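how would this look folded up:
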Amino acid sequence: MTATARLRPDDSRQAWPTLQGLIKTNGLLLSADGKNFDLASGRKSHFLFDIKPIALDPIGSNLIAELILETIDKDTSDFIGGMETGAIPIVSAVVVRSKEICPLPGFFVRKQAKERGTKRRVDGNLAPGSTAVLLDDVTTTGGSVLEAVDVVRNFGCFVSQVITVVDRLEGARENLAAAGIELTALFTKEDFGL
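Sure, this is the predicted structure:
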């Protein structure tokens with residue numbers, strides 16, 4: 001059992017096992033030739049979670065949004081966002097799905113400030129003094145989402161929580177906890193026998 005906070009629906013719900021099956025079938029890549037995948041963290045691995053095909057699928061995006069909305073404290077969250085590009089389809093799906101429950105406007109953080117137009121790193125809807133929940137597709141060490149946390153904090157906002165679709169259990173929870181943020185994972189690598 002991991003120390004990462006995780007969503008576990010009761011057995012009557014189908015969203016969690018259905019999404020798990022989609023990820024296992026369409027989002028988990030295993031190295032067949034012995035070569036390792038390069039990860040955003042700089043590490044190498046014999047497996048890779050590619051959540052983009054699921055987040056850009058009508059069924060997958062709705063399942064992700066449903067499960068994320070179950071984990072967000074709607075009473076204290078004003079906005080949802082994440083780092084480009086992995087979080088953008090997830091944020092969009094949650095924004096659309098939130099309309100029926102508790103509308104949550106969304107934003108995304110650019111890796112670099114835009115060179116034209118507004119020249120900002122935060123795009124979309126975010127207001128200084130508000131509380132934001134950040135979303136991520138996959139966390140390894142948490143470096144990318146921590147960068148987004150810093151940008152959002154510098155924008156004058158409080159980050160209450162990070163929610164990831166899959167946590168690889170390679171230090172993200174601990175690194176986020178050191179920054180005062182709880183990581184909630186819909187799944188960990190252990191849910192896929194890794």
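
quick one: the helices in the chain?
Counting by DSSP state H, the chain has helices at residues 15-26, 52-55, 58-71, 88-98, 143-154, 172-178.

of all the ones you listed, which one comes closest to residue 81?
helix 88-98 (5.8 Å; CB to CB). Where C-beta positions appear, they are placed from N, C-alpha and C, glycine not excepted.

can you tell me what sits against that closest one?
Helix 88-98 is contacted by residues 51-52, 55-56, 61-62, 64-66, 68-69, 80-82, 104-108, 124, 135-137, 165 when judged by CB atoms under 8 Å, 6 or more residues apart in numbering.

please pick the buried ones from those residues.
Buried members of those, counted by 16 or more other CB atoms under 10 Å: 51-52, 55, 61, 64-66, 68-69, 80-82, 104-108, 124, 135-137, 165.

one step back: looking at the helices of the chain, which is buried most?
helix 88-98 (a mean of 22; mean count of other CB atoms under 10 Å).

for residue 122, see how far away the residue nearest the centre of the chain is.
Geometric centre of the chain, nearest residue: residue 136, 1.8 Å, by CA atoms, centre = their mean. According to CB to CB, to the nearest Å, residue 136 stands 16 Å off from residue 122.

swap in residue 70?
For residue 70, the distance to residue 122 - CB to CB - is 26 Å.

can you check residue 157 too?
9 Å.

before we move on, what about residue 93?
Separation of residue 93 from residue 122 (CB to CB): 20 Å.

swap in residue 168?
Distance, residue 168 to residue 122, using CB to CB: 26 Å.

looking at the two, which one has more neighbours?
When residue 168 and residue 122 are compared on other CB atoms under 10 Å, the one with more neighbours turns out to be residue 168, at 24 against 20.

now that one: closest residue in space, sequence neighbours ignored.
In space, and not counting its chain neighbours, residue 168 is closest to residue 140: 4.7 Å by CB to CB, 6 or more residues apart in numbering.

ok so, going back, quickly list what the residue nearest to the centre of the chain is bridged to.
Beta-bridge pairing for residue 136 (DSSP bridges): residue 164.

wait, doesn't it sit right on residue 86?
Yes. Counting by CB atoms under 8 Å, residue 86 is a contact partner of residue 136 at 6.7 Å.
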